[in-house]
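[1] need a structure here:
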Amino acid sequence: MSSYAALCLLFLSCNVLNEVNCHQLEAVKVSSRLPEGRQATSAIFDGKDVIYIIGGSNRNSYNTKDILKYNVTSDTIEKVAELPRGLNDGTNSMDKDGNIYHASGEHGPIASEPHKIYKYSPSTNTVEIATSLPFSAYDSATVSDPENRDKIYILGGWPYPEAIVSFNMATQTAEWSHNLSSNYYPMTAFNDDDGYTYLFGQPALVPTVEQWVIKLNLSTNQVVATGPHNFPRLKGKASTVWDGRYAYVIGGYGDLRSGYHADTILQFDPVTMDYVLLPVTNFPANRSRFLQEVSAVYVHTLGRIYIIGGFSMADQGGAATWIYHDEIWYIELYPGQPTTTTEFPPSTTLNPDVYTCQNRSDGMYPHPYSCDKFINCNGGQLTEFRCPYPLLFDPVGLTCNMPHLVDCEITCVGREDGVYPHPQDCSLFIGCADERVHIYQCPTPLLFDPVTGRCDLPEIVQC
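    This is a model prediction of the structure:
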């Protein structure tokens, strides 16, 4: 390829693909370290400034009980609690109160130790058993239920790569609900903002040369679309994060002969169902053929992917050497850009009959019918944004925050069926049916009367 053609290709990448392609990504090693080289940890971001790192195993295959707390602001790490037993390759989820649920297991059935979901409460640094699992959740993936913020799905893993286990964090009950239409092992997954689940992996038991991505509607268990058949083969456990626009797969692949360099991250676009490999300087495996068993989280407040531990096979002096990493790195996806709440990707556009930015000052406003969304008005133009799960929009601080710190008035949970006044707009009212929210607007110029529960003339209504 000529230098002119390469320049044109770079120009097209920057303008047609996305701005992440327009600068060189770099992995920055933080000062803090894990207590030892560890792989197969599981990490989760609390939405503010803390990443919790749970379990994992060392080079001697010893599973740790540790629950570590890493502060991204102070760059400090400390042990805050312990699991009842050492576990690795688990998955985490967080409820609306900030409690963390850890589902894990060990390779193969262990009759003497039933598999559990453990609940860790950061407010008290205590761990308790939430419920039992029907089998080990070893090497599984976890996604949230788009219709129920209290429910998660634990997908696949060993020894049942086809299984879907539903877990309700509110009732703390788990059951094997149904099976996946496609079985992957190993597998990684994420949910987009429209509620679809995407599976990456290798077909279980019968590995093939062609790999692909599956877009799945979990509520119907129907495959909606499949991705490119030249998707890199996931030979080991990978980690996936979602920034609201793209998914990023870290580790699990690497084959120089096929052009899949290990010192890259894989960026997947759910709109086009295609991917690009993004080179990263100073990557943990920049001299390696293979990196796997890392845990990764996306810290939306900083626009960074944090990568924790893992192991890589490096070729040092002609001898293959396994390296167990004790480091924590971050990759800044959008360097130089402000990291305020307005960075979150836009969702759908509101019906102008329900809400408009005309005659409103520029700034952020609460969403009229969804606590996890907010609206940005700029020059009369309306853009709708969604907070990263499980955060809600705080109308006082004008930022996304943990649910227990947000006073969200637009809810039907705990309310009887009926109509209620809208907390921000007198021309709107809330209809509750089976604890679901429906927003209605009075005909112009009428306003909603909370006393009579009807729309009436403005001079009659006390708003």
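
[2] which residue ranges form the helices in this protein?
    3-12 (DSSP state H).

[3] least trustworthy helix or strand in it by mean pLDDT?
    Counting by mean pLDDT, DSSP states H and E, the chain has its least confident helix or strand at helix 3-12, which shows a mean of 34.

[4] what bridges to A296?
    In this structure, A296 bridges to I307 when assessed by DSSP bridges.

[5] Okay, it and Y248: tell me how far apart.
    Spatial separation of A296 from Y248 under the definition Cβ to Cβ, to the nearest Å is 8 Å. Glycine gets a C-beta too; all of them are placed from N, C-alpha and C.

[6] And for C387?
    19 Å.

[7] out of these two, which sits in the busier spot?
    Neighbours were counted for C387 and for Y248 using other Cβ atoms under 10 Å; C387 has more, 25 against 22.

[8] I'd guessed the more buried one sits against C400; true?
    Yes: taking Cβ atoms under 8 Å as the definition, C387 is a contact partner of C400 at 3.6 Å.

[9] So what are the structural domains in the chain, by residue number?
    Per the record, the chain has its domains at 26-332, 340-407, 409-463, by automatic domain parsing.

[10] and the closest residue in space to S57 that isn't next to it in sequence, how many neighbours does it have?
    Among residues not flanking S57 along the chain, N88 sits closest, at 4.3 Å (Cβ to Cβ, 6 or more residues apart in numbering). Burial of N88, expressed as a neighbour count using other Cβ under 10 Å, amounts to 25.

[11] For N88, give its distance to I54.
    10 Å.

[12] Can you mark which positions in stretch 300-315 are buried?
    Of all the residues in stretch 300-315, those buried under the rule 16 or more other Cβ atoms under 10 Å are 300-314.

[13] returning to that earlier point: list residues touching both of A296 and Y248?
    With Cβ atoms under 8 Å, 6 or more residues apart in numbering applied, the overlap between the contact sets of A296 and Y248 consists of 240-241, 305.

[14] Disregarding flanking residues, what is the spatial nearest neighbour of D269?
    Counting by Cβ to Cβ, 6+ apart, D269 lies nearest to Y246, which is 5.9 Å off, once chain neighbours are set aside.

[15] Hmm, Q267 and the one you found touching each other?
    Yes: if you go by Cβ under 8 Å, Y246 and Q267 touch, sitting 5.2 Å apart.

[16] Among the shared contacts of A296 and Y248, which ones are in strands?
    Where these overlap with strands, as defined by DSSP state E, the overlap consists of 240-241, 305.

[17] Out of those residues, which comes closest to V280?
    Comparing those against V280 with Cβ to Cβ places I305 closest, at 9.8 Å.

[18] close enough to count as contact, that closest one and S295?
    No: shown here, I305 and S295 do not form a contact pair, counting by Cβ under 8 Å, at 11.1 Å.

[19] Redo the domains of the chain as JSON lines? Include mean pLDDT.
    Conversion of the domains of the chain to JSON lines gives the following (pLDDT from 0 to 100):
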{"stretch": "domain 26-332", "mean pLDDT": "87"}
{"stretch": "domain 340-407", "mean pLDDT": "72"}
{"stretch": "domain 409-463", "mean pLDDT": "81"}
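
[20] which of these sits most buried?
    Ranked by mean neighbour count under mean count of other Cβ atoms under 10 Å, these are led by domain 26-332, which reaches a mean of 19.

[21] now that domain, how far from the centre of its chain.
    10 Å (Cα atoms, centre = their mean, to the nearest Å).

[22] Now the terminal residues of it, how far apart.
    7 Å (Cα to Cα, to the nearest Å).

[23] I'm done for today, thanks for sticking with me.
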